[in-house]
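S.K.: Got a sequence here, can you model it:
(2 chains)
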Amino acid sequence: MKSEKLKTLRYKLILFLLTLFTVHCSLSANAYALDINKKILPNGLTVLHSEKHNLPIVMVTMIVKAGILDEPREKAGLAYLTADLLDEGTKTRKSAEISEEIEFIGAGLGASAGGDYTTITLSVLKKDAEKGFELFSDIILNPVFPQEELERKRERIKGSLKQREEDPTFVAGRLFKKEVFGDHPYARLMEGSEETLSGITRENLMEFHSKYFIPNNAILSVVGDLAPAELDSLIKKYLYPWKKSDMPQRKIHPVSDEKTKRVVKIDKEVTQATVIIGHLGISRDNPDYYAVSVTNYILGGGGFASRLMQKVRDELGLAYGVSSYFSASKEKGSFEAEVQTKNESANTAIEEILKQMERIRNEAVSDEELSGAKDYLTGSFPRRLDTGRKITDFLATIEFYNLGLDYAEKYPAYINAVTKDDVLRVAKKYLDPENFILVIVADQKKAGLKY
Amino acid sequence: MKKLLFLLIVTLIISSCVPAEVQPVKETASSGIREYRLDNGLKVLVIEDHKAPLATFQIWYRVGSRNEPIGKSGISHLLEHMMFKGTPKYGSKEFSRMVKRKGGSDNAHTTKDYTMYHQTLASDRIDISIELEADRMQNLILDPKEVIAERNVVMEERRMRYDDDPQSSLYEEVMAAAFKSHPYQWPVIGWMPDILSIERENLYNHYKAYYSPDNAVIVVSGDVNAEDIFRKVKTAFGDIPAASGRMMVTSKEGEQKGERRVTLKREAELPYIIMVYHTSGFPHPDSYALEVLGTILAGGKSSRLYKSIVYEKKLAIGASADYSGFNSDPYLFFFDATVAPGKDIKDVESALYAEIEKIKKEPPSEMEVQKAKNQVEASFVMGQDSIYYQAQVAGMFEMLGGWRLKNEYMENLKKVKPEDLTRVANKYLTEDNRTVGILVPIKK
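M.R.: Predicted coordinates for the structure are as follows:
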């Protein structure tokens, strides 16, 4: 077994684990460390472990590198259905037996697919960790995707897709993705569509599972009240039998960079217009990610501290919610600004959003705005990691995106390095107030869109 | 919602019960919570938890939509919004900005019974919360222009949350039908014409009546020193006078004598049903069995409603049950279900009744009851990982009569027996005691 112990994540100013015996006294007075033990098992599974003994609980997250990026377009929804059916029957347990066993110990077991990967989580009391691992590994290693369960799930997802059409935000988001990403997988809903769902067979699920759900294509993260020896014995018993296989190749999907302005209008009997304005953005490994984070905080990511909120909500009283967002994923994501405002004021709100996008591209932000954004982004890090569940998910994610196990330690430096010029530069580069997709779900007559 | 309530209970097991609350300044320590009280009536609860250098500050006011006069529904919630709009010393949104600059988060929410403001931030910055909450408890500006702007914001919030959401709209209809004399009949956000009618003067009077130390409780949890917090709170809040002139809410909902039904015809995709039954609230002795009943019916995929209505009969894409027992006055036991495409809502309604009849006739097994208790207890323990929830649990029980009730709650929950569920089902889940709402989708 290859094992390397990495003492990482030195949170300056942050202390997670005062109660923990692994506190690093060698560090300066206000700096503490979180031990992360990283191992690669013989079967290729990456294991991250951090002890946290403040409560008798154990949090587990597994990332399997399989998501919407890995399914054929005509089988959209395959990754989602695979994840959703993991706990609906294994070689030795029926669907009802799994839920009965897991709920009897008050544990939580869940799986869901996303754009870049699938996540399987377990939350369990320490006293039931053994049972929890048994079920957790069973649904990952041995699912059988019973035909009957597939039919059941398929119908329910179709029903839920239908019901969500009642929500204007859902409709706007669905159409926005479609317009921005075109033929790229990120254009689709995780659940696929009524048509593609109908075409998914049990064989497709089995194949997808056996191709991607292999240990050398996965990351396991465990945080909580387990000593290394305890975890080792659980892993040996439940995850060593997982067989290594050939690594699937992940292909890069081209996305059209063609710049045009397009407007999509959906007429609905609503009192409020839901508007999304945006275009392609950046991928998670883009070196500008941190400058973009600061820029977006100032523009529309910073809640009440953001320009959009100050202008559209506080000054104009036009909306309850207005925000902007860069979704930075494995491949190039999107930028979007979203607002809900009464039909009649849709034009004014859109105008204001575009004005703010324009302004941040042309004028340097103030010192106060820049330092405010940096202070928040660096200072809020401890809150992003203030429970075992959050730390578990964080560790798995930084490993997936190759951010380095010392990411939390380095993050403040990344953010603090951003200058006003950087903000101006990335705003110019990644925000486009001329060529954008505009989706508006509204009572179109009342909205009388100018765009 | 249900899960939240369960989480709220989580911290309760730990702290032991030490009675005696003494005036004016005397502490009572327990293993988990320390309690203080100022001369002006302000109560302060502190939970020390040093696992991370963070602290949560919460201030709870005993005012919600329950305390509103007819025609001014939503005034408590609008006032909550206005509390962020500044005092002479700290301008509009300044408080939020200061918290954010320290990497913290802040927000507030209004319920039927209380309004709560909170900040979570580095524990060495907790002074900001103490100073600024004391400031806005007494010095709110309530600028008339800002009132108009914020009224518009709240109307947008209403459109988003209710008017354009068919299922939420049905919920409002059902509440309005289930309660005829109690203010629980109107939504926390208020009816649209009421919101529009709220003026600066109304807000000011509401503020003066309810925002005072004797009507508030402060809960602080996290990496703090209890003595230190108490000293600082005393300095900041000690001179604020108690208020008078609050109206006691005396409304009582009379016994319901016959089923009530409401129908809502709206542009929607799928039919939807809500059913509610009047019940006793915590700390009524029946509340423990009702809580366990809710878990047996709808706590996860092994629960009765899921197994029968969603899984086996495939009548609904989702079905839930929820006992809502943590209110100041007796409230409701909820059921709801979204009908699966192509299925008949009548069959869904019958299937819900069938499950209710089943539990009325036959007690569940010991195992099933034990499973529900295990679920409550486990989420209880897990919730303790969050200092915010620890504070929220304490505050919640304080609103219901005293934080020590939380111990009682967990103890009594453990004592629930299978036949108790049958008994409470027969007592409350009756035809005459129910209100049913049906969403009928229409196409434009």
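S.K.: Quick one: residues contacting A:V171.
M.R.: Going by Cβ atoms under 8 Å, 6 or more residues apart in numbering or on different chains, A:V171 touches A:E165, A:I266, A:K268, A:T274, A:V441. In this view, the C-beta of every residue, glycine as well, is placed from N, C-alpha and C.
S.K.: Just say helix, strand or coil for B:I317.
M.R.: strand (DSSP: H, G, I helix; E, B strand; the rest coil).
S.K.: That one reaches A:L161, doesn't it?
M.R.: No - counting by Cβ atoms under 8 Å, A:L161 is not a contact partner of B:I317; they are 9.8 Å apart.
S.K.: Would you format the contacts of A:V171 as CSV with secondary structure and neighbour count included?
M.R.: Listed next are these as CSV, based on DSSP: H, G, I helix; E, B strand; the rest coil; neighbours: other Cβ atoms under 10 Å in any protein chain shown:
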residue, secondary structure, neighbour count
A:E165, coil, 14
A:I266, strand, 15
A:K268, coil, 19
A:T274, strand, 25
A:V441, strand, 28
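S.K.: Closest to chain B out of those?
M.R.: Closest approach to chain B among the contacts of A:V171 (Cβ to the nearest Cβ): A:E165, at 5.2 Å.
S.K.: any idea how far A:E165 is from whichever residue of chain B sits closest to chain A?
M.R.: Nearest to chain A, among the residues of chain B, is B:G103, at 2.0 Å (Cβ to the nearest Cβ). For B:G103, the distance to A:E165 (Cβ to Cβ, to the nearest Å) stands at 39 Å.
S.K.: Can you tell me, leaving aside adjacent residues, what's nearest to residue 295?
M.R.: Using chain A here. Nearest residue to A:T295 in three dimensions, chain neighbours excluded: A:V423, at 4.9 Å (Cβ to Cβ, 6 or more residues apart in numbering or on different chains).
S.K.: think we crossed wires, I meant chain B
M.R.: In space, and not counting its chain neighbours, B:T295 is closest to B:A372: 3.9 Å by Cβ to Cβ, 6+ apart.
S.K.: in whichever strand or helix holds that neighbour, what's buried?
M.R.: Under DSSP states H and E, the secondary-structure element containing B:A372 is helix B:366-383. For helix B:366-383, the neighbour count (16 or more other Cβ atoms under 10 Å in any protein chain shown) marks B:368-369, B:371-383 as buried.
S.K.: Just flag the most distant two among these.
M.R.: The distance between the two most remote of those (Cβ to Cβ) is 23.1 Å, for B:E368 and B:G383.
S.K.: Mind listing the residues bridging to B:G437?
M.R.: Beta-bridge partners for B:G437, by DSSP bridges, are B:V262, B:I274.
S.K.: quick one, what contacts it?
M.R.: B:L170, B:Y171, B:E173, B:V174, B:A177, B:R261, B:V262, B:T263, B:L264, B:I273, B:I274, B:M275.
S.K.: Now with 10 Å, please.
M.R.: Going by Cβ atoms under 10 Å, 6 or more residues apart in numbering or on different chains, B:G437 touches B:167, B:169-178, B:260-264, B:272-276, B:336.
S.K.: could you flag which of these are buried?
M.R.: B:167, B:169-178, B:260, B:262, B:264, B:272-276, B:336.
S.K.: Quick one: mark the members of these that sit in strands.
M.R.: Members of the buried ones among the contacts of B:G437 lying in strands (criterion: DSSP state E): B:R260, B:V262, B:L264, B:Y272, B:I273, B:I274, B:M275, B:V276, B:D336.
S.K.: Now the residue of chain B closest to chain A: closest residue in space, sequence neighbours ignored.
M.R.: A:G379 (2.0 Å).
S.K.: and that neighbour, backbone torsions?
M.R.: Torsion angles at A:G379 (phi, psi; degrees, to the nearest 10) stand at phi -70, psi -20.
S.K.: isn't it right next to A:Y411, touching?
M.R.: No - the pair A:G379 / A:Y411 is not scored as a contact, 11.2 Å apart, by Cβ atoms under 10 Å.
S.K.: quick one: the strands in the stretch 301-444 of chain B?
M.R.: B:316-323, B:332-339, B:434-442 (DSSP state E, counting those that start in this stretch).
S.K.: and if you look at chain A?
M.R.: Using DSSP E, strands in chain A cover A:2-12, A:31-40, A:46-51, A:57-64, A:108-113, A:118-125, A:218-224, A:262-267, A:272-280, A:322-327, A:334-342, A:437-442.
S.K.: out of those strands, nearest to chain B?
M.R.: strand A:272-280 (4.1 Å).
S.K.: for that closest one, what is the average pLDDT?
M.R.: For strand A:272-280, the mean pLDDT works out to 98.
S.K.: can you list the strands of chain A in JSON lines and add distance to A:E369?
M.R.: Listed next are these as JSON lines, based on distance: least, Cβ to Cβ, whole Å:
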{"stretch": "strand A:2-12", "distance to A:E369": "24"}
{"stretch": "strand A:31-40", "distance to A:E369": "29"}
{"stretch": "strand A:46-51", "distance to A:E369": "35"}
{"stretch": "strand A:57-64", "distance to A:E369": "35"}
{"stretch": "strand A:108-113", "distance to A:E369": "36"}
{"stretch": "strand A:118-125", "distance to A:E369": "35"}
{"stretch": "strand A:218-224", "distance to A:E369": "35"}
{"stretch": "strand A:262-267", "distance to A:E369": "31"}
{"stretch": "strand A:272-280", "distance to A:E369": "21"}
{"stretch": "strand A:322-327", "distance to A:E369": "15"}
{"stretch": "strand A:334-342", "distance to A:E369": "17"}
{"stretch": "strand A:437-442", "distance to A:E369": "26"}
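S.K.: can you tell me which of the ones you listed the model trusts least?
M.R.: What stands lowest among the strands of chain A, in mean pLDDT terms, is strand A:2-12, with a mean of 31.
S.K.: tell me the domain ranges of chain A?
M.R.: Structural domains assigned to chain A are A:41-238, A:262-447, following automatic domain parsing.
S.K.: of all those, which lies closest to B:F84?
M.R.: domain A:262-447 (7.6 Å).
S.K.: Between the two ends of the closest one, what distance do you get?
M.R.: 17 Å (Cα to Cα, to the nearest Å).
S.K.: what pLDDT does B:S15 get?
M.R.: B:S15 carries a pLDDT score of 27 in this model.
S.K.: Correction: the previous question concerned B:N407.
M.R.: For B:N407, the pLDDT comes out at 86.
S.K.: on that earlier part again, please report the distance of the residue nearest to A:T295 from chain B.
M.R.: According to Cβ to the nearest Cβ, to the nearest Å, A:V423 and chain B sit 18 Å apart.
S.K.: does that residue really touch A:R359, like I thought?
M.R.: No - if you go by Cβ under 10 Å, A:V423 and A:R359 don't touch, sitting 11.8 Å apart.
S.K.: Overlap of the contact sets of these two?
M.R.: Here A:V423 and A:R359 have A:L299, A:V365 as joint contacts, going by Cβ under 10 Å, 6+ apart.
S.K.: Tell me who's in contact with residue 64.
M.R.: Picked chain A for this. For A:V64, the contacting residues are A:79, A:82-83, A:86, A:111, A:113, A:117-120, A:140, A:209, A:212-215, A:217-220, A:400, by Cβ under 10 Å, 6+ apart.
S.K.: you looked at the wrong chain, it should be chain B
M.R.: Counted by Cβ under 10 Å, 6+ apart, B:G64 has contacts B:76-77, B:80, B:109-116, B:183-184, B:188, B:210, B:249, B:327-328, B:399.
S.K.: Please apply the same query to A:R307.
M.R.: A:297-300, A:322, A:324, A:352-353, A:355-357, A:359-360, A:365, A:369.
S.K.: Rank the helices and strands of chain A by mean pLDDT and give me the bottom one.
M.R.: Comparing helices and strands within chain A by mean pLDDT, DSSP states H and E singles out strand A:2-12 as the least confident, with a mean of 31.
S.K.: dump the residue contacts of residue 163.
M.R.: As the question left the chain open, I've gone with chain A. A:Q163 sits next to A:170, B:166-167, B:268-270, B:272, B:317-318, B:338-341, B:441 when contact means Cβ under 10 Å, 6+ apart.
S.K.: hm, I was asking about chain B
M.R.: If you count contacts by Cβ under 10 Å, 6+ apart, B:D163 has them with A:V270, A:T271, A:Q272, A:K342, B:M155, B:S169, B:E172, B:M192.
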